[in-house]
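Asks: structure here, sequence nowhere to be found:
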């Protein structure tokens, strides 16, 4: 499943080098030449929230499905989309809302084939005793984040729902590993972060303050969280393989939310610098986003009606233009998503 295409301009050089190295190898992380080699990108880094892919790898779910999977840390939704579109990876994880916004502004040969979280995990995170306690506090504040991150791309949509002017909030470019300390030092008022990143933020604060979390999903309940992304040609020409891969990945996801501590230990086996306690806490926080209390469908389910609501919301916020140009089939392949 290694389709070789030219690198997409603008993608981080390091990410390209890492993934290209995986593409050129004769075997993936299982080291079995009889299996079909697949390259997979996490959504961002190797935090606890990404452990489910390593669980699927460790427990043999990928191997049982016929795949030798190489997992490479992603660097954000936009880069993941471009790397998958360019053939540097076969599958990747990206925030669904950011995916819709990106595809609304540039044509990329990718689609989504399942939802990792049924509710958006994007948020602005601050610390107790600071100047941010509610959405209305955001104008005039500085928010640290990586350029092109899900939180930054989605912020105008969130701001509209919060009835604040997004142009009055300044995003300050910083690499993700530096964000918790940047917030702790008071150099920014808040940071763009997923809800599951709260344990890491609190651990980094020398004053041991609790986090103040403004989840986008509270004001935008129709938004999904992360989704599985693949190329259009894989979805069209190899639908059975796509289904096998996503089924194996979702087995790992189910195990990860059922046993967060066990999943964190597996992650640490592949990523030695993992803080198992923090990774465990992240997975515990992630569970209600993967399976909200009111959710009764299969893990990974995609609802085309809800996808249309997301598109409508983004069009109303002028994040996707022109109005009416995008349809659910432009961003999801419902036929390949898990069914009840």
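Replies: Done, it's in. Here the structure is a predicted model, which means the values were calculated and not measured. Residues are numbered from 1 along each chain as shown.
Asks: which residues of this protein fall in strands?
Replies: 36-41, 67-72, 91-95, 110-115, 122-127, 142-145, 170-173, 190-194, 211-215, 226-231 (DSSP state E).
Asks: give the contact list for the closest residue to residue 235 other than its chain neighbours.
Replies: Computed as CB to CB, 6 or more residues apart in numbering, the closest residue to residue 235 that is not its neighbour in sequence is residue 333, at 4.9 Å. Any C-beta I mention is one placed from the backbone N, CA and C, and that applies to glycine too. Counting by CB atoms under 8 Å, 6 or more residues apart in numbering, residue 333 makes contact with 111-113, 235.
Asks: so for residue 333, what's the pLDDT?
Replies: Confidence at residue 333, expressed as pLDDT, is 96.
Asks: check residue 317 too.
Replies: Looking at residue 317, its pLDDT reads 80.
Asks: that one and residue 323, how far apart?
Replies: With distances taken as CB to CB, to the nearest Å, residue 317 is found 11 Å from residue 323.
Asks: more neighbours: which of these two?
Replies: Ranked by neighbour count (other CB atoms under 10 Å), residue 317 and residue 323 place residue 317 first, with 18 against 12.
Asks: isn't the more buried one right up against residue 157?
Replies: Yes: with contact defined as CB atoms under 8 Å, residue 317 and residue 157 form a contacting pair (4.4 Å).
Asks: make TSV out of the strands of the chain and add mean pLDDT, distance to residue 253 and mean neighbour count.
Replies: Formatted as TSV, the strands of the chain follow (pLDDT from 0 to 100; distance: least, CB to CB, whole Å; neighbours: other CB atoms under 10 Å):
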stretch	mean pLDDT	distance to residue 253	mean neighbour count
strand 36-41	97	13	25
strand 67-72	97	14	24
strand 91-95	96	11	28
strand 110-115	98	10	26
strand 122-127	97	19	26
strand 142-145	97	26	22
strand 170-173	96	31	14
strand 190-194	95	16	28
strand 211-215	97	20	20
strand 226-231	98	10	28
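Asks: do you know which of these lies nearest residue 80?
Replies: strand 91-95 (3.9 Å; CB to CB).
Asks: and that closest one, which strands flank it?
Replies: strand 36-41 (parallel), strand 226-231 (antiparallel) (DSSP bridges).
Asks: that one versus strand 110-115: what angle between them?
Replies: Angle, strand 91-95 to strand 110-115, by axes from the mean of the first three to the mean of the last three CA atoms, to 10 degrees: 80 degrees.
Asks: next, report how far strand 91-95 is displaced from the centre of its chain.
Replies: Per CA atoms, centre = their mean, to the nearest Å, the displacement of strand 91-95 from the mean C-alpha position of its chain is 6 Å.
Asks: going forward, count from 23.
Replies: Yes, from this point I'll number from 23; that puts the last item at strand 113-117.
Asks: could I get the full set of helices for the chain?
Replies: Applying DSSP state H to the chain gives helices spanning 35-46, 73-80, 83-86, 99-107, 118-127, 172-184, 201-206, 220-226, 238-241, 254-259, 261-280, 282-292, 298-312, 326-338.
Asks: will you turn those into TSV that also has mean neighbour count?
Replies: Below are the helices of the chain laid out as TSV (neighbours: other CB atoms under 10 Å):
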stretch	mean neighbour count
helix 35-46	16
helix 73-80	26
helix 83-86	20
helix 99-107	26
helix 118-127	23
helix 172-184	22
helix 201-206	21
helix 220-226	19
helix 238-241	20
helix 254-259	16
helix 261-280	20
helix 282-292	20
helix 298-312	21
helix 326-338	17
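Asks: nearest to residue 154, of these?
Replies: helix 201-206 (10.2 Å).
Asks: could you say what helices and strands the closest one packs with?
Replies: Contacts defined by 3 or more CB pairs under 8 Å, 6 or more residues apart in numbering; DSSP states H and E place helix 201-206 against strand 144-149, strand 164-167, strand 212-216, helix 220-226.
Asks: 7 Å instead, please
Replies: Contacts defined by 3 or more CB pairs under 7 Å, 6 or more residues apart in numbering; DSSP states H and E place helix 201-206 against strand 164-167, strand 212-216, helix 220-226.
Asks: got a markdown table for those, with distance to residue 319 too?
Replies: Below are the helices and strands packed on helix 201-206 laid out as a markdown table (distance: least, CB to CB, whole Å):
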| stretch | distance to residue 319 |
| --- | --- |
| strand 164-167 | 32 |
| strand 212-216 | 22 |
| helix 220-226 | 27 |
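Asks: among those, which comes closest to residue 66?
Replies: strand 212-216 (8.5 Å).
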